[in-house]
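Participant: 3D model of this:
(2 chains)
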2 protein chains.
Amino acid sequence: MDLSTIKALAFDVFGTVVDWRGTVIRELEQLGKARGFKADWAKFADTWRTKGYLEATAKVRRGELPWMNADQLHRRMLDELLTRFGIEGLSEAEKNHLNRVWHRLKPWSDATSGMKRMRKAYLLTTLSNGNMALLTNMAKNAGLPWDCVLSSELVKSYKPDPRVYQMAADLLGLPANQVMMVAAHKPDLQGARAVGMKLAFVPRPKEWGAKKGGDYGNEPWIDVYAIDFRELAAKLGV
Amino acid sequence: MDLSTIKALAFDVFGTVVDWRGTVIRELEQLGKARGFKADWAKFADTWRTKGYLEATAKVRRGELPWMNADQLHRRMLDELLTRFGIEGLSEAEKNHLNRVWHRLKPWSDATSGMKRMRKAYLLTTLSNGNMALLTNMAKNAGLPWDCVLSSELVKSYKPDPRVYQMAADLLGLPANQVMMVAAHKPDLQGARAVGMKLAFVPRPKEWGAKKGGDYGNEPWIDVYAIDFRELAAKLGV
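Facilitator: The predicted structure is shown next:
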């Protein structure tokens, strides 16, 4: 396919750029060790992500929950999980710090080097359901070289609502077909496809841990399939 | 004053970070030479800025003009100026390129080095009436090290509307008094003051050329007065 018209790459972040699960489990384990809490931290992290974020953002999108940004959704679930897992005695400052573990997620090992190559030829932006503060703090903390930080928060909805993708193209001053969405999740790419973006699929089979399967195969409607950001950079010719 | 609570610096851009007038005049002169146009290019640039942008953004803010972003306001005035200055025969592509001179503005000589120092201790964001695409392209072109790009476009108004400053604090997840507005223009600082931001004044007496006077003195309500970004960095202790 002709990639010469692409000016900007819009990246999904959780799972695509950063290893949310590994980072969250690691911080929970450290907290548990420091404070003497024992729990199935992988289950804690997975529930936080699944119920607290993926299901909650879908409810906001469908109007079943009022608008709340990712920090607010994360906190809502965190309070529930602390009770459910019997973790007591954390101060408000400690809870707030723990909730912001999502601001401190670490990139996959190929991500930053691949981004630096792609940034020479393309404008790189986030296009995430994470809120602006979360994404900006994460970038600063992890050294992610974005040109611009964009979030579904700017339209108070969540991907895969097509309005989120259209917002990004509009704010970048580009027709949608000059923007390529890069994501590890097909529903995200389908949302981008609905507004006419180009599509790069970078499956991350370790996102949910070593054992869990997923939908990692290529599709005819995907423009570029790459196993990581280094391969994506190479396929984009940079 | 106590600066220890400040987490983020929000910068005005045109005039504060970049020398819009010098850059625009230089490009107009080059275009004139290449295409055989003669005109008072300083007057062209100053009118573009004053009538096409400063007066137009005020009209949008007061509801006398419908919402248009900076690119659209610039283009509206450019078409009028080309007629007024008798410049004929430019193609649509050439006009569009010229209009985007505002995406290619060059920083003052102290700006980038001062920003790099401040970025180590603070989150740096734009808070400009320029639109998101303009600011992002400018940063990429000039190598300005922002953590985040924010524009009044996100609330479809213009500074000094207090909603613009409040939007920045909200999106950064910070109370307004943890954000310091950095600007070369007192009305901008007064807008930031209205929502409770800290205020840094960096006068730029060469913004309008060597001869023109301006309001460059310190004020009791300003928190930090600095003659350039290096002095600002030093006064912020970085």
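Participant: Surely A:Ala226 is in contact with A:Arg204?
Facilitator: No - applying CB atoms under 8 Å as the test, A:Ala226 and A:Arg204 come out as separate, 11.2 Å apart. From N, CA and C alone the C-beta is placed, and that goes for glycine too.
Participant: contacting residues around A:Val60?
Facilitator: Counting by CB atoms under 8 Å, 6 or more residues apart in numbering or on different chains, A:Val60 makes contact with A:Pro66, A:Trp67, A:Met68, A:Leu73, A:Ser157, A:Tyr158.
Participant: Report the separation between the first one and A:Gln72.
Facilitator: Distance, A:Pro66 to A:Gln72, using CB to CB, to the nearest Å: 10 Å.
Participant: what about these two, which has more around it?
Facilitator: Ranked by neighbour count (other CB atoms under 10 Å in any protein chain shown), A:Pro66 and A:Gln72 place A:Gln72 first, with 15 against 9.
Participant: Where does the more buried one sit: helix, strand or coil?
Facilitator: helix (DSSP: H, G, I helix; E, B strand; the rest coil).
Participant: how near is it to chain B?
Facilitator: Separation of A:Gln72 from chain B (CB to the nearest CB, to the nearest Å): 10 Å.
Participant: residues in contact with that residue?
Facilitator: A:Gln72 makes no contacts at all, as judged by CB under 8 Å, 6+ apart.
Participant: what does chain A put close to chain B?
Facilitator: Neighbours of chain B within chain A, by CB under 8 Å from any CB of the partner chain: A:71, A:123, A:125, A:131-134, A:136-137, A:139-140, A:147-149, A:153-154, A:171-174.
Participant: What strand or helix carries A:Thr47?
Facilitator: helix A:41-49 (DSSP states H and E).
Participant: So which other helices or strands are in contact with that helix?
Facilitator: Judged by 3 or more CB pairs under 8 Å, 6 or more residues apart in numbering or on different chains; DSSP states H and E, the packing partners of helix A:41-49 are helix A:20-35, helix A:70-84.
Participant: got the contact list for A:Ile87?
Facilitator: Contacts for A:Ile87 (CB under 8 Å, 6+ apart) come out as A:Phe37, A:Ala39, A:Leu81.
Participant: Go ahead and list the helix or strand containing the second one.
Facilitator: Under the assignment given by DSSP H and E, A:Ala39 is not contained in any helix or strand.
Participant: cool, the first one as well?
Facilitator: Here A:Phe37 is covered by no helix or strand, with elements defined by DSSP H and E.
Participant: Where do the helices of chain A begin and end?
Facilitator: For chain A, helices defined by DSSP state H occupy the ranges A:20-35, A:41-49, A:56-61, A:70-84, A:92-99, A:111-119, A:132-142, A:162-172, A:186-194, A:229-235.
Participant: thinking again about what came up before, so which of the helices and strands packed on helix A:41-49 is the most packed in?
Facilitator: Comparing these by mean neighbour count (mean count of other CB atoms under 10 Å in any protein chain shown), helix A:70-84 comes out on top with a mean of 18.
Participant: can you give me the angle that helix makes with helix A:92-99?
Facilitator: 110 degrees (axes from the mean of the first three to the mean of the last three CA atoms, to 10 degrees).
Participant: Just the mean pLDDT for helix A:70-84, thanks.
Facilitator: Helix A:70-84 carries an average pLDDT of 97.
Participant: cool, and stretch A:159-177?
Facilitator: The average pLDDT for stretch A:159-177 rounds to 98.
Participant: which residues sit against that stretch?
Facilitator: So stretch A:159-177 is contacted by A:5, A:7-8, A:10, A:12, A:57, A:61, A:123, A:125, A:127-129, A:148, A:150, A:152, A:154-155, A:157-158, A:178-179, A:181, A:187-188, A:190-192, A:194-198, B:71, B:131-134, B:136-137, B:153 (CB under 8 Å, 6+ apart).
Participant: check contacts around the residue lying closest to A:Phe11 once chain neighbours are set aside.
Facilitator: The shortest distance from A:Phe11 to any non-neighbouring residue, by CB to CB, 6 or more residues apart in numbering or on different chains, is to A:Val182 (4.7 Å). By CB under 8 Å, 6+ apart, the contact list for A:Val182 reads A:Leu9, A:Ala10, A:Phe11, A:Asp12, A:Thr16, A:Ala200, A:Val202, A:Leu232.
Participant: please redo it, this time with the cut-off set to 10 Å
Facilitator: The contact partners of A:Val182, by CB atoms under 10 Å, 6 or more residues apart in numbering or on different chains, come to A:9-12, A:16-17, A:114-115, A:118, A:124, A:127, A:188-189, A:192, A:198-202, A:224, A:226, A:229, A:232, A:236.
Participant: What degree of burial does A:Gly114 show, as a neighbour count?
Facilitator: If we define neighbours as other CB under 10 Å, then A:Gly114 has 25 of them.
Participant: what's the answer for A:Ala183, then?
Facilitator: Other residues lying near A:Ala183 total 28 when counted by other CB under 10 Å.
Participant: Show me where chain A dips below the pLDDT cut-off.
Facilitator: By pLDDT under 70, the low-scoring segments of chain A are A:211.
Participant: Kindly report the domain assignment for chain A.
Facilitator: A:8-19+A:106-235, A:20-103 (automatic domain parsing).
Participant: quick check, distance from the shortest one to the centre of its chain.
Facilitator: What that stands for is domain A:20-103. 15 Å (CA atoms, centre = their mean, to the nearest Å).
Participant: relative to helix A:70-84, how tilted is the helix holding A:Thr47?
Facilitator: 140 degrees.
Participant: buried set for helix A:41-49?
Facilitator: A:Trp41, A:Phe44, A:Ala45, A:Asp46, A:Thr47, A:Trp48, A:Arg49 (16 or more other CB atoms under 10 Å in any protein chain shown).
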